[in-house]
Structures are given as structure tokens and as C-alpha cells.
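Participant: I'd like to go over a predicted model; first the sequence, then the structure.
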Amino acid sequence: MVEWTGKPAYQQVADALRGRIAKGEFAKDGKLPSIADLIDEYGVTVTPVREAIRQLKTDGLVVSHQGKGAFLTPDAAEAAKRTDPMAAIAELRDEVGQLRTSVSELRDRLARLESQ
């Protein structure tokens with residue numbers, strides 16, 4: 001999955017995990033896949049995976065326990081949305097859709113009031 005983009009491999013893995021967290025792919029307060037699973041999934045070595053998890057820890061998205069793995073923090077999904085540009089864009093699209101609906105309803109109400 002990691003491609004040559006000019007971005008370090010650990011950053012690509014961290015971004016991918018951040019996006020998955022933002023989408024709610026992992027259960028709240030759930031466990032991230034094991035390091036071995038992440039190595040297989042992203043096609044990288046242990047170093048980028050560990051560095052990606054370290055970055056997620058720095059961002060406050062996960063906590064890790066030696067021998068047990070990395071676990072999401074209680075507000076990880078919301079925090080990931082704030083730091084994941086794609087999640088922010090999706091949220092903005094939803095808000096714009098809601099605003100369009102509200103504006104349309106207000107136009108209809110105004111037209112009804114003006115016709116009376």
C-alpha cells in the first residue's frame with residue numbers, strides 16, 4: 001500500500017491509520033491491529049509501523065502497552081477527524097448538504113409568506 005509519494009513510509013501508514021480511526025473502523029477504545037498485521041497490510045518493515053504508532057501516540061489517538069498492543073483513546077475518532085484532511089472534507093460536505101437543505105426550506109417558507 002505504501003507508495004513512492006515523497007512522504008516517508010511511516011507518515012503514509014500513520015495517515016492511513018488516522019483515516020481508518022476517523023471513519024470509525026476500529027471500535028471505540030478498541031485495539032489497533034498488531035504490528036505484524038500492519039507490516040503485512042502496508043508492506044513495510046517494523047520501523048515505519050512503530051514510528052507510525054509513535055506518531056499516533058503523539059497525536060493523542062492511541063496509547064500502547066508493552067506486550068498488549070496499541071489501543072484507541074476515548075476521543076480518538078473525533079481527534080482523528082480533526083487531524084485527517086479527508087475526514088475534515090467529508091464532514092464539511094455533510095455540513096454543506098445540511099445547509100443547502102435548510103436554505104431551500106427557508107426559501108420555500110419565504111415564498112409562502114410573500115404570496116399571502
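Facilitator: Noted; the coordinates are in hand. Numbers count the residues shown, from 1 in each chain.

Participant: Please make it C-alpha for all contacts and neighbour counts, starting now.
Facilitator: OK.

Participant: So what's the residue count around Phe71?
Facilitator: When counting by other CA atoms under 10 Å, one arrives at 21 neighbours for Phe71.

Participant: same question, Pro48
Facilitator: 20.

Participant: check which helix or strand covers it.
Facilitator: helix 46-58 (DSSP states H and E).

Participant: Check which helices and strands that helix is in contact with.
Facilitator: If you count contacts as 3 or more CA pairs under 8 Å, 6 or more residues apart in numbering; DSSP states H and E, helix 46-58 packs onto helix 9-22, helix 35-42, strand 62-65.

Participant: got the angle for it vs helix 9-22?
Facilitator: Going by axes from the mean of the first three to the mean of the last three CA atoms, to 10 degrees, helix 46-58 is angled at 50 degrees with respect to helix 9-22.

Participant: picking that back up, just put the helices and strands packed on helix 46-58 in JSON lines and tack on mean pLDDT.
Facilitator: Shown next, in JSON lines, are these (pLDDT from 0 to 100):
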{"stretch": "helix 9-22", "mean pLDDT": "92"}
{"stretch": "helix 35-42", "mean pLDDT": "96"}
{"stretch": "strand 62-65", "mean pLDDT": "92"}
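
Participant: among the ones you listed, which is the most enclosed?
Facilitator: When you average the neighbours per residue for each of those (mean count of other CA atoms under 10 Å), helix 9-22 leads with a mean of 22.

Participant: re earlier: can you tell which of the helices and strands packed on helix 46-58 is closest to Gln116?
Facilitator: helix 9-22 (48.0 Å; CA to CA).

Participant: got the CA positions of that closest one in CSV?
Facilitator: C-alpha atoms of helix 9-22 as CSV (Å, rounded to 0.1, in the frame of the first residue of the first chain):
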residue,chain,number,x,y,z
ALA,A,9,6.6,5.4,4.8
TYR,A,10,5.8,5.8,8.5
GLN,A,11,3.8,9.0,7.6
GLN,A,12,1.8,7.2,5.0
VAL,A,13,1.0,4.4,7.4
ALA,A,14,0.1,6.9,10.2
ASP,A,15,-2.2,8.8,7.7
ALA,A,16,-3.9,5.6,6.6
LEU,A,17,-4.5,4.5,10.2
ARG,A,18,-5.7,8.0,11.2
GLY,A,19,-8.2,7.9,8.3
ARG,A,20,-9.4,4.5,9.4
ILE,A,21,-9.8,5.7,13.0
ALA,A,22,-11.7,8.8,11.8
